[in-house]
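Participant: Based on what follows, work out the 3D shape:
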Amino acid sequence: MADEEKWARESLREIALEGIRERRRARRWAIFMRLLFLGAIVSLFFFTLRPGLQMGDPAISSGHTAVVQINGPIMAGRPANAERIIQGLEAAFESEGARGVLLEINSPGGSPVASSRIYQAIDRLRAAHPDKPVHAVAGDIMASGAYYIAAAADQIHVDGASIIGSIGVVSRGFGLSDAIQRLGIERRVYTAGDEKAGMDPFTPPEPDEVERLRSMLDGIHDQFIAAVREGRGERLTGNPDALFSGRVWTGTQGIEQGLADGYGSPESVAREVIGAPERVNYTPPRGLLDRALEQIGSAAVAAWVELQSPLSLR
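Facilitator: Numbers count the residues shown, from 1 in each chain. Predicted structure coming up:
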């Protein structure tokens, strides 16, 4: 009987201690979440209110380099959409104090229509402001539609390890007709218009549909090639079959092929080429909520990777 009472007391004591430990864990988690929320709020105000020169800032000097940034995919709904970039370009060219315009590009490309619109805007603004040179500087990547845009600049500057080029057009998809047959699935599609359901991934492609798609891609490719030829002119020294094949090149290879003019960073081009080391960002600011969510998301991912990975490059 004594042993049973002792066991009961120990069990009750353990249950009570576990409850205390659980409450402590809950309090620690609540404190962590409050600190995380507080950090997010502080980050939001820091990135919103931190000092820095933007267009319209009275601290901008009369001789500066006007910067327009093109980061990420070039398409509607993304930071590098045509409307936002063209708005920044117009403000940069119209600035009386800007000695030149610098395109800071770090993008894999995107919409051919958006890229063409930005290319045409640069052409138009260059003609209206012939005294302001335009220089494009590649970051990690300046490919496809991003190179399309850069071709409108007076000069293209790269790092030796930049990836540039990819002068081509691609359409990707999947063919699942065999898969649904093996699964015993019947595909039912009803259309008004004989070709409305063309290139359906669940049906085998018809030869004439593939030919029409290839014709469309070739037409867009020809437009891309014409823009690059117009922008780069006789500086293109590589074999056209290779240059316009969709292949990518390092910055060093790009210089050798005439796709780029030389090495340079945003700092060195502003200082040594344009002659105005002070750089002012004319890219229209993104919405407050978008920027805050991006910063919070980046911080959360970085923290998770730090906790999960046993490796570090520090």
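Participant: any chance you could map the helices in the stretch 51-200 of the chain?
Facilitator: 82-94, 112-128, 145-150, 177-182 (DSSP state H, counting those that start in this stretch).
Participant: Of the ones you listed, which shows the lowest average pLDDT?
Facilitator: Per-stretch averages of pLDDT across the helices of the stretch 51-200 of the chain put helix 177-182 at the bottom, with a mean of 80.
Participant: got the contact list for residue 137?
Facilitator: Counting by Cβ atoms under 8 Å, 6 or more residues apart in numbering, residue 137 touches 102-105, 156-158, 264-266, 269. Every residue, glycine included, has its C-beta placed from N, CA and C.
Participant: filter these to the buried ones?
Facilitator: Using 16 or more other Cβ atoms under 10 Å as the burial test, those include 102-105, 156-158, 264, 266, 269 as buried.
Participant: can you dump the C-alpha coordinates of stretch 20-40 into CSV?
Facilitator: This file holds the C-alpha atoms of stretch 20-40, laid out as CSV (Å, rounded to 0.1, in the frame of the first residue of the first chain):
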residue,chain,number,x,y,z
ILE,A,20,5.0,23.9,-15.2
ARG,A,21,7.5,23.1,-17.9
GLU,A,22,4.8,23.4,-20.6
ARG,A,23,3.7,26.8,-19.3
ARG,A,24,7.4,27.9,-19.4
ARG,A,25,7.7,26.7,-23.0
ALA,A,26,4.5,28.5,-23.9
ARG,A,27,5.8,31.7,-22.2
ARG,A,28,9.1,31.5,-24.1
TRP,A,29,7.3,30.9,-27.4
ALA,A,30,5.0,33.9,-26.7
ILE,A,31,8.0,36.1,-25.9
PHE,A,32,9.8,34.9,-29.1
MET,A,33,6.8,35.8,-31.2
ARG,A,34,6.5,39.2,-29.6
LEU,A,35,10.1,39.9,-30.2
LEU,A,36,9.8,38.7,-33.8
PHE,A,37,6.8,41.0,-34.3
LEU,A,38,8.7,43.9,-32.7
GLY,A,39,11.7,43.2,-35.0
ALA,A,40,9.4,43.2,-38.0
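Participant: from the middle of its chain, how far away would it be?
Facilitator: The chain centroid and the centroid of stretch 20-40 are separated by 35 Å, computed with Cα atoms, centre = their mean, to the nearest Å.
Participant: Out of the helices of the stretch 51-200 of the chain, which is closest to residue 165?
Facilitator: Ranking these by proximity to residue 165 (Cβ to Cβ) places helix 145-150 first, at 6.0 Å.
Participant: Find the pair from the buried ones among the contacts of residue 137 with maximum spatial separation.
Facilitator: The most widely separated members of those are 102 and 158, with 13.8 Å between them, by Cβ to Cβ.
Participant: No further queries at this time; thank you.
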